[in-house]
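Student: sequence first, then the predicted structure, then my questions.
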Amino acid sequence: MQLPVVTGVALTVVVAALAAVRNRFVRARLGFSGVLLLVALGLELALARGIGEAALVGGGTLPRPGEISLAHNGVLFMDELPEFERRVLEVLRQPLEEGLVRIARAARTVQFPARFQFVAAMNPCPCGFLGHPVRACQCTPPQVARYRSRLSGPLRDRLDLDVEVAAVSIEALHADGAEEPSAAIRARVLAARERQAARRRDGDAWLNAALEGSRLRRETRLDLEATRLLKRAAAALALSARSHDRVLRVARTIADLDGAESVGVQHVGESLQFRSQGTSTA
Ligand SMILES: [Zn+2]
């Protein structure tokens, strides 16, 4: 079982890069150093301090929108995901699926929009050092199991990309790396979004994220080799129908980032890499 490993510094870099690439507005819960870095970078930032159910999804006697609605059309970032109550995390399932949240009150039901890009981070264990090359983990196996079980299988099933990030050494942070600058990545992302927009022009449902059913299958028609790979993987990983569709959707996006018209076996293969970690634990 593998889970994302993100150290404090690496985490902040991830959020800053995301803000630079995706858009300049990220709603996040971050530590003090993270806030300082984002402020230093001149990024707009709203801190989601409330972590109760009402603060996250909305609520109150006179229902008010929560953080997920305030992040509508933007990014919602949640640090240390297992630190949130499992009950609070479970209420994210409906908005992640439908792009809106319904709050039932005795007299009526209120509906708020909540189509946000969900990004979350967690440690590999409560102390954060499991798998670290130098420091030893202090946690017992039951503690690790309990920590990881706070994320339910169905919630993980709704995440498109599950990525393990290795700890970043201080030397690496100071090194003049040959990394691709965020501006170049942003240009590639914008080009991929334009490809998606060119395929369909129906309101705000033009992103691959909104692809479903027959349209999803039409736009991600696979050749024989890619179909064979997906079938084999679906059986080996026991993919649910939802996971299967997510693999297709992510493969379509990888092809768009690649500038490719059709989805090939390499795109399906890459898409599967982002799933297999999560599904093996579901
Ligand atoms: Zn530990």
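Tutor: Thanks, I have it.

Student: domains of this protein?
Tutor: Using automatic domain parsing, the domain parsing of the chain gives 8-174, 182-279.

Student: and these: which comes nearest the ion?
Tutor: domain 8-174 (3.3 Å; Cβ to the ion). C-beta here means a position set from N, CA and C on the backbone, and glycine is covered the same way.

Student: are there helices or strands packed against the helix or strand hosting residue 186, and which ones?
Tutor: Assessed by DSSP states H and E, residue 186 sits inside helix 182-199. Counting contacts by 3 or more Cβ pairs under 8 Å, 6 or more residues apart in numbering; DSSP states H and E, helix 182-199 packs against helix 8-21, helix 241-258.

Student: which is the next helix or strand following that helix?
Tutor: helix 213-219.

Student: and the contacts of that next one?
Tutor: 199, 200, 211, 245, 248, 249, 252 (Cβ atoms under 8 Å, 6 or more residues apart in numbering).

Student: now with 10 Å?
Tutor: Contact partners of helix 213-219, identified using Cβ atoms under 10 Å, 6 or more residues apart in numbering, comprise 196, 199-200, 202, 205, 208, 210-211, 245-246, 248-249, 252, 255, 262-263.

Student: lowest pLDDT pick from those residues?
Tutor: Within the contacts of helix 213-219, the minimum per-residue pLDDT falls on residue 202 (60).

Student: name the SS class of the residue sitting nearest the centre point of the chain, please.
Tutor: Centroid check for the chain by Cα atoms, centre = their mean gives residue 119 as the closest residue, at 3.8 Å. The three-state assignment at residue 119 reads strand, by DSSP: H, G, I helix; E, B strand; the rest coil.

Student: would you confirm that it contacts residue 162?
Tutor: No: using Cβ atoms under 10 Å as the test, residue 119 is too far from residue 162 to be in contact (11.8 Å).

Student: before we move on, the earlier item: which one of the domains of the chain has the lowest average pLDDT?
Tutor: Among these, domain 8-174 scores lowest, with a mean of 77.

Student: that one near the ion at all?
Tutor: Yes: using Cβ under 5 Å from the ion, domain 8-174 reaches the ion at 125, 127, 130, 137, 139.

Student: can you tell me the element the second one falls in?
Tutor: Element membership for residue 127, per DSSP H and E: none, as it lies in no helix or strand.

Student: what's the nearest residue to it if we skip its chain neighbours?
Tutor: residue 138 (4.7 Å; Cβ to Cβ, 6 or more residues apart in numbering).
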